[in-house]
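*Asks:* Got a predicted structure here, sequence first:
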Amino acid sequence: QVQLVESGGGLVQAGGSLRLSCAASGRTFSNYAMGWFRQAPGKEREIVAAINWNGSRTYYADSVKGRFTISRDNAKNTVYLQMNSLKAEDTAVYYCAADVNYSGVTYEANTYDYWGQGTQVTVSS
């Protein structure tokens, strides 16, 4: 079992920044892939970014490339999502997820085994 707890969401003006954190517990964190997803009202859940076991490889959705950065600190069992130049269309509930059976980069939601409870990000224009 893996428990994931997100934090760092909130209300920010367009152009601003937020950093989301996701603390993991329950399994050796450095063994598995992590990802950030989001779901806006009335829309399907979508991949935002993903990272491999040691942070050497990452994946970003086209909509966030150049603005968001995913990183991880295996010593702290935590994955981060730094979000800069936020836009109104970034408004969503953000979820972190763990794929405990894979150590590489994966962006398919159905491969992830564990999910956090989500944190709301609201960008006002």
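*Replies:* The structure has been received and is ready for your questions.
*Asks:* When you work out contacts or count neighbours from here on, use the C-alpha atoms and nothing else.
*Replies:* Will do.
*Asks:* my guess is Glu6 contacts Val121, does it?
*Replies:* No. Glu6 is beyond contact range of Val121, at 11.6 Å (criterion: CA atoms under 8 Å).
*Asks:* and the residue nearest to Ala49 when sequence neighbours are not counted, how many neighbours?
*Replies:* Excluding the flanking residues, the one nearest Ala49 by CA to CA, 6 or more residues apart in numbering is Tyr60, at 4.4 Å. As a burial measure, Tyr60 scores 20 neighbours (other CA atoms under 10 Å).
*Asks:* tell me the contacts of Tyr60?
*Replies:* By CA atoms under 8 Å, 6 or more residues apart in numbering, the contact list for Tyr60 reads 47-50.
*Asks:* just the residues you listed now: which is nearest Lys87?
*Replies:* Nearest to Lys87 among the contacts of Tyr60 is Val48, at 14.0 Å by CA to CA.
*Asks:* centroid residue for the chain?
*Replies:* The centre of the chain sits closest to Trp36, judged by CA atoms, centre = their mean, with a distance of 2.2 Å.
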